[in-house]
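Undergrad: coords please:
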Amino acid sequence: MAGETRGKPIRCRAAVCWKAGEPLVMEEVMVAPPLAGEVRIRINCTSLCHSDITFWKMKDPPSCVPRILGHEAVGVVESVGENVSEVTEGDIVLPIFMPDCGQCTDCKSEKSNLCSKFPFRVSPWMPRYESSRFTTLKGEVLYHFLFVSSFSEYTVVDIANITKIDPAIPPNRACLFSCGLSTGVGAAWKTANVEKGSTVAIFGLGAIGLAVAEGARLCGASRIIGVDLNPDKFEIGKKFGITDFVNSGNSGDKPVSQVIMEMTEGGADYCFECVGLASLVDEAFACCRKGWGKTIVLGVDKPGSMLKFSSFEILHSGKSLMGSLYGGIKPKSDVPVLLKRYMDKELDVDKFVTHELKFEDINKAFDLLIEGKSLRCVIWMDK
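TA: Below is the predicted model:
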């Protein structure tokens, strides 16, 4: 197949978002060959992340249509552009929205996963050339999403956003490491550096929050408090290491932060905001322990949302507030470590996958996630 298609446009199916909040439309599209520094891959599996829902609903910039969404996936290299030596045709790879160029000061440092050669942004284009590789059969440009666009049978991704993986890893599990699982586990492991015996509070027990719990469990946290509006999340959360639960919709006349302060006799060592609400960041920061507490923000809030803190509180509390994009994970060096922990049965990924669907049923995956019925729905391209 690769020999026949190398250097030529490929016609394939893609689920296109034509209008914010409306069902994706299965279309025949054209995928151009990769330019220098790019890789064209055939997607095996993609999974639905809440960020896809967020941008699917969004009507204002950085949202734009028509767009091919999807960013959590695994695929096989079909062809490579010039100056690509890291992967070759037939390699199994994860396309990852966080670039890792391996050349800039940040990528060479252990302190950060924020590439400065290709800074992360929500762009409609490929990162190197500010252009698209997708068109409709009539020639209309289709926009990219998070440098991945995995709701297409074929996609083109920059080599900075590609991580080669062991082909023995099942594709319906590997795809989760492309975003959600690595983000949550990494936030506990890399960003917070959760210590053995510590107390953790997690605001929002969706897939990201539960991945944080899994990461905190692996780090040896002794108490992991889950906070959610849905009381059913406690039973689900126990499988991921949640030891205590606070129903944020039923805490009486006390703010959730006060409930947690009382439960922990002074606050949690680490608090994680996994929903994307400025008000929850305030609550999380309020209930992390003075002196050494860390509040980690993972949730994607609306553009322009602001946080409010008094300078007095910052000075006198001695607490830290940190952002964690992709869990602080460096794609090319840290993802293989997480995948090995999965293959060694230390990291349990199976419990995150609640549904598996065919590509043509992708809109059902959206319904399941919106209705709170799924954690991760894996979509198979060829079943």
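Undergrad: And the helices in the stretch 101-250 of the chain?
TA: 105-108, 171-174, 180-186, 207-219, 233-238 (DSSP state H, counting those that start in this stretch).
Undergrad: tell me what the third one is packed against?
TA: Counting contacts by 3 or more Cβ pairs under 8 Å, 6 or more residues apart in numbering; DSSP states H and E, helix 180-186 is packed against helix 207-219, helix 331-343. The way it works is simple: take the backbone N, C-alpha and C, and place the C-beta from them, glycine included.
Undergrad: per-residue confidence averaged over the first one?
TA: Per-residue pLDDT values across helix 207-219 average out to 97.
Undergrad: what helices or strands is that helix leaning on?
TA: Helix 207-219 packs on helix 180-186, strand 199-203, strand 223-228, helix 233-238, strand 270-273, going by 3+ Cβ pairs under 8 Å, 6+ apart.
Undergrad: Likewise for the last one?
TA: In terms of contacts (3+ Cβ pairs under 8 Å, 6+ apart), helix 331-343 is packed against strand 162-164, helix 180-186.
Undergrad: May I see the ones you listed arranged in CSV, with mean neighbour count, distance to Arg128 and mean pLDDT as well?
TA: Shown next, in CSV, are those (neighbours: other Cβ atoms under 10 Å; distance: least, Cβ to Cβ, whole Å; pLDDT from 0 to 100):
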stretch, mean neighbour count, distance to Arg128, mean pLDDT
strand 162-164, 22, 13, 98
helix 180-186, 28, 24, 97
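Undergrad: Out of the ones you listed, the one nearest Lys239 is which?
TA: With Cβ to Cβ as the criterion, Lys239 lies closest to helix 180-186 of the helices and strands packed on helix 331-343, at 14.1 Å.
Undergrad: Give me the contacts around that closest one.
TA: The contact list for helix 180-186 (Cβ atoms under 8 Å, 6 or more residues apart in numbering) reads 47, 49, 72, 176, 207-215, 218, 274, 298, 324, 326-329, 334-335, 338, 347, 349, 352, 376.
Undergrad: give me that answer again for 7 Å
TA: For helix 180-186, contacts defined as Cβ atoms under 7 Å, 6 or more residues apart in numbering pick out 49, 72, 207-212, 214-215, 298, 326-329, 334-335, 338, 347, 349, 352, 376.
Undergrad: try stretch 227-247
TA: Contacts to stretch 227-247, defined as Cβ under 7 Å, 6+ apart, come from residues 201-205, 210, 213-214, 216-217, 223-226, 248-249, 256, 259-260, 263, 351, 372.
Undergrad: run the last query once more with 8 Å
TA: Stretch 227-247 has contacts (Cβ under 8 Å, 6+ apart) with 201-205, 209-211, 213-214, 216-217, 221-226, 248-250, 256, 259-260, 263, 351, 372, 375.
Undergrad: separation between Val16 and Cys271?
TA: For Val16, the distance to Cys271 equals 39 Å [Cβ to Cβ, to the nearest Å].
Undergrad: These two: which is more packed in?
TA: The residue with more neighbours, out of Val16 and Cys271, is Cys271; 32 against 21, by other Cβ atoms under 10 Å.
Undergrad: Now for that one: which residues touch it?
TA: By Cβ under 8 Å, 6+ apart, Cys271 lies in contact with 200-203, 284-285, 287-288, 293-296.
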